[in-house]
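Engineer: how would this look folded up:
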Amino acid sequence: MPAWSTYSYLFGPLVALAIMAVIVLLLRWAFSHGGSLVERDARPGRSDEYGLMVPVAGADDYVRAEMQRRMLTDHGLRVNLVRTTDGPRLMVWRSDRDRALELLSRGV
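Structural biologist: Purely as a prediction, here's the structure:
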């Protein structure tokens, strides 16, 4: 019976080949077409479908909404302008809601 050391020269290349095969299969799966969730176009949702963020203002057009967003951002609030089925909405975190509503009502 031959000793293991006689076949050891095959062990390294076979392990390297097996690792390369696994990497190739993973890359083919990762970059295949039609299976990615990120690839889909974004669709607008309702105002209440944005998780921890709450709507504080809506505007008729994106220009007015962007002006309000910049004003709130200038006052240190984290604001997102999102496209909803109801039109553009400014979304802030729940903890910033009262301050955002106060700033918007004053029109600072």
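
Engineer: moving C-terminal of the longest helix that the chain contains, what's the next helix or strand?
Structural biologist: Assignment by DSSP state H gives helix 8-30 as the longest helix of the chain. On the C-terminal side of helix 8-30, the nearest following helix or strand under DSSP states H and E is strand 53-58.

Engineer: Name the next helix or strand following that next one along the chain.
Structural biologist: Per DSSP H and E, the first helix or strand lying C-terminal to strand 53-58 is helix 62-74.

Engineer: May I see the buried residues of that next one?
Structural biologist: 65, 68-69, 71-72 (16 or more other Cβ atoms under 10 Å). C-beta: built from backbone N, CA, C; applies to glycine.

Engineer: Need phi/psi at R106.
Structural biologist: phi -80, psi -20 (degrees, to the nearest 10).

Engineer: I'd like to know how many residues surround it.
Structural biologist: Using other Cβ atoms under 10 Å, R106 has 7 other residues around it.

Engineer: returning to that earlier point: how far does the longest helix of the chain sit from the chain's center?
Structural biologist: Counting by Cα atoms, centre = their mean, to the nearest Å, helix 8-30 is centred 32 Å from the centre of its parent chain.

Engineer: and it, which residues are buried?
Structural biologist: By neighbour count on 16+ other Cβ under 10 Å, the buried set for helix 8-30 is empty.

Engineer: average pLDDT across it?
Structural biologist: In this model, helix 8-30 has a mean pLDDT of 89.

Engineer: quick check, nearest of the buried residues of helix 62-74 to M20?
Structural biologist: Taking Cβ to Cβ as the measure, M20 sits nearest to R69 out of those, at 49.2 Å.

Engineer: so what pLDDT did that closest one get?
Structural biologist: In this prediction, R69 carries a pLDDT score of 93.

Engineer: contacting residues for it?
Structural biologist: 79-81, 90 (Cβ atoms under 8 Å, 6 or more residues apart in numbering).

Engineer: Tabulate these (CSV), appending pLDDT, distance to P44 and neighbour count.
Structural biologist: Shown next, in CSV, are the contacts of R69 (pLDDT from 0 to 100; distance: Cβ to Cβ, whole Å; neighbours: other Cβ atoms under 10 Å):
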residue, pLDDT, distance to P44, neighbour count
V79, 94, 18, 22
N80, 91, 13, 12
L81, 91, 12, 17
L90, 92, 15, 24
